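Novice: 3D, please:
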Amino acid sequence: MTADLPVELYTAAQVRELDRIAIKEQSLSSLTLMERAGADAFEVLRVRYPDAKRLLVLCGGGNNAGDGYVLARLAHQEGRVVRVSALVAPERLTGEAATCARHYLQTGAVASTFAPDGADVIVDALLGSGLNRIVDGAFADAIRRVNESGIPTLALDLPSGLNADTGVCMGSTIRAAATIAFVGLKRGLFTAQGPEFCGDVLFSDLDTPATARASVNAGVRLIEHQEVAHNLPCRTRDAHKGHHGHVLVVGGDDGYQGAALLAACAAARSGAGLVTVATRPEHARIVPLYQPELMSAAVHTAQDLDTLLNRVSVVAIGPGLGQSDWAGALLAKVLQTRLPLVVDADALNLLASEPQRRANWVLTPHPGEAARLLGVTTAELQADRFAAVSLLQDKFGGVVVLKGAGSLIAAAGGPLYLNPTGNPGMAAGGMGDVLTGIIAGLLAQGLAPPAAARCGVYLHGHAADLCAAQGERGLLAGDLLPMLRTLVNPAHHPAHYLGHHPAPCA
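Specialist: Sure, this is the predicted structure:
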């Protein structure tokens, strides 16, 4: 049992297959796994809430309920005051869950009606990973009352009401303080609404064999901080600016020049050797005043980009670009090159009107932009972010970053990646522009587009997590820039990578 999470993320069906393989290979019974799950969950409760004397355990009708009955029995035997609220009567249970309920009742304990009042901690063992319909009736009412109680809740495997595969709330969802996942991490814990409802995620493999996990291809992986360190080694002593690429940021229409500046500064702070901002003539003059290290180019028409495109190594287009004729002409000109591209913001909105495929670009849409690229509603897209990012990559090629809680990265021929860093303080203007600049800066330094996207998204969220130590509310995109210099030098600052976990809400 550990707070250090494995990197593989599974669907509910894949975890059931892991269960099956483990039971077969180790000659285990489902009851043994259930006993281990309840015991490990009880150990989490003891560590996190050592002074909790009164427990309310909510049990439903499936295997998740069996885990809850095991925990309740162990807590009762240790002398804690335990109330089990059985939303499905114990006599209606079947299989191993029925056995666990019977063992609990044989201790002399009882299953009572639901009443959260007076509990120090609530244990959620209502609904498991097989949930595939909207939660209603008594279950919805119980979930509402738990959330209104304000009592800390420990969820077993995943919060009841959360879709294990998509992270979408199925009507009503337990808002847990912590969740202990078993056997394999479920994808839905880490994206869409999952991070809002699961709290701190812990994991127990229930001593299932590694060979079981090796035989099931998860298809989704968490980005690891080791990958950033691997891709950003110390520079050679004879390095010069020409070794580290030249980023051209194209954007900054009237009223939006700040977006292009943020992207350019992020590219520079990420280690690009040179950065030029191509923007409206009246904005080009202020670029060196804002950041003297940046170069600027006045762009009256798309033809003004010709010379620049022959000098640079990477183009980031979209921050503050707008959707005017000027913007459309600049995008068309950039798309004529073979340079690696990072495409964001209004460049994506323009691309939605005239889709094309390209192998060497990184697209970074937020859910609204992604929905326009696919011709669906934002709600439809968010209903399955994993499917959506795969469809985007298939349609447009290259690498796609679907931003949001648990940003997803898709590239051809590989697994999907999910970013574990970041926090709600990033819900502020300019954050996407900073991400665009980071990825462009990493591309300029020689990282391949998939690695640049993965490392860039991780660094972006990690910088925001460090900033959030002073509070999430009021966090500005520009606050991330000083943090980037530290994070893109992991060999000099290893403490920022070893054992890193996203910062809690301050």
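Novice: Can you get me the start-to-end distance on stretch 91-98?
Specialist: Length of stretch 91-98, first residue to last, Cα to Cα, to the nearest Å: 7 Å.
Novice: Phi, psi for Glu196 please.
Specialist: The phi/psi pair for Glu196 (degrees, to the nearest 10) reads phi -70, psi -30.
Novice: which residues sit against stretch 449-461?
Specialist: For stretch 449-461, the external contacting residues (Cβ atoms under 8 Å, 6 or more residues apart in numbering) are 223, 225, 227-228, 231-232, 270, 340, 360-362, 364, 398-399, 401, 407, 409, 411, 414, 417, 419-423, 426, 431, 434-435, 438-439, 442-443, 447, 480, 484, 487-488, 502. C-beta coordinates here come from the backbone N, C-alpha and C atoms, glycine included.
Novice: That should have said stretch 96-108, apologies.
Specialist: 29-31, 34-35, 38, 59, 61-63, 65-67, 69-70, 72-73, 76-77, 84, 86, 90, 93, 111.
Novice: hmm, back to that, ok, of the contacts of stretch 449-461, which come out buried?
Specialist: Neighbour-count burial (16 or more other Cβ atoms under 10 Å) is assigned, among the contacts of stretch 449-461, to 223, 225, 228, 231-232, 270, 340, 361-362, 364, 398-399, 401, 407, 409, 411, 417, 419-423, 426, 431, 434-435, 438-439, 442-443, 447, 480, 484, 487-488, 502.
Novice: any idea where the strands of the stretch 201-350 of the chain begin and end?
Specialist: Applying DSSP state E, counting those that start in this stretch to the stretch 201-350 of the chain gives strands spanning 220-222, 246-250, 274-279, 295-298, 314-317, 341-343.
Novice: Next, the angle from the second one to strand 274-279.
Specialist: Between the direction of strand 246-250 and that of strand 274-279, the angle (axes from the mean of the first three to the mean of the last three Cα atoms, to 10 degrees) works out to 20 degrees.
Novice: need the contact list for the nearest residue to His244 once chain neighbours are set aside.
Specialist: Sequence neighbours aside, Gly273 is the residue nearest to His244 in space, at 3.5 Å (criterion: Cβ to Cβ, 6 or more residues apart in numbering). By Cβ under 8 Å, 6+ apart, the residues touching Gly273 are His240, Lys241, Gly242, His243, His244, Gly245, His246, Ala444, Gln445.
Novice: between the strands of the stretch 201-350 of the chain, which one is nearest to Ala329?
Specialist: strand 246-250 (11.0 Å; Cβ to Cβ).
Novice: any idea of the pLDDT on Pro152?
Specialist: Pro152 is assigned 97 on the pLDDT scale.
Novice: From Ala41, how far out is it?
Specialist: Counting by Cβ to Cβ, to the nearest Å, the separation of Pro152 from Ala41 is 14 Å.
Novice: These two: who's more crowded?
Specialist: Legend: neighbour count by other Cβ atoms under 10 Å for Pro152 and Ala41, higher for Ala41 (28 against 17).
Novice: The more buried one contacts Ala178, doesn't it?
Specialist: No - the pair Ala41 and Ala178 does not pass the contact test of Cβ atoms under 8 Å, sitting 9.9 Å apart.
Novice: which residues do the two both contact?
Specialist: Common contacts of Ala41 and Ala178 (Cβ under 8 Å, 6+ apart): Leu154.
Novice: roughly how far apart are Pro367 and Ala266?
Specialist: When Pro367 is compared with Ala266 (using Cβ to Cβ), they lie 22 Å apart.
Novice: for the chain, what helix or strand is lowest in average pLDDT?
Specialist: Within the chain, confidence by mean pLDDT, DSSP states H and E is lowest for strand 111-112 among all helices and strands, at a mean of 76.
Novice: Got the confidence number for the nearest residue to Val287 once chain neighbours are set aside?
Specialist: Distances taken as Cβ to Cβ, 6+ apart put Ser296 closest to Val287, at 3.7 Å, once the chain neighbours are dropped. With respect to pLDDT, Ser296 scores 97.
Novice: So what sits opposite Ser296 in the bridge?
Specialist: Ser296 forms beta bridges with Val277, as assigned by DSSP bridges.
Novice: what's the burial count for it?
Specialist: 25.
Novice: hey, C-alpha coordinates of stretch 194-204 in PDB?
Specialist: C-alpha atoms of stretch 194-204 as PDB (Å, rounded to 0.1, in the frame of the first residue of the first chain):
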ATOM      1  CA  GLY A 194     -12.300  12.800 -10.900                       C
ATOM      2  CA  PRO A 195      -9.700  15.000  -9.300                       C
ATOM      3  CA  GLU A 196     -12.500  17.200  -7.700                       C
ATOM      4  CA  PHE A 197     -14.100  14.200  -6.000                       C
ATOM      5  CA  CYS A 198     -11.400  11.700  -5.200                       C
ATOM      6  CA  GLY A 199      -9.300  13.800  -2.900                       C
ATOM      7  CA  ASP A 200      -5.800  12.300  -2.200                       C
ATOM      8  CA  VAL A 201      -5.300   9.100  -4.100                       C
ATOM      9  CA  LEU A 202      -3.600   6.100  -2.500                       C
ATOM     10  CA  PHE A 203      -3.100   2.700  -4.000                       C
ATOM     11  CA  SER A 204      -2.800  -1.000  -2.900                       C
END
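Novice: Thanks again, I'm all set now.
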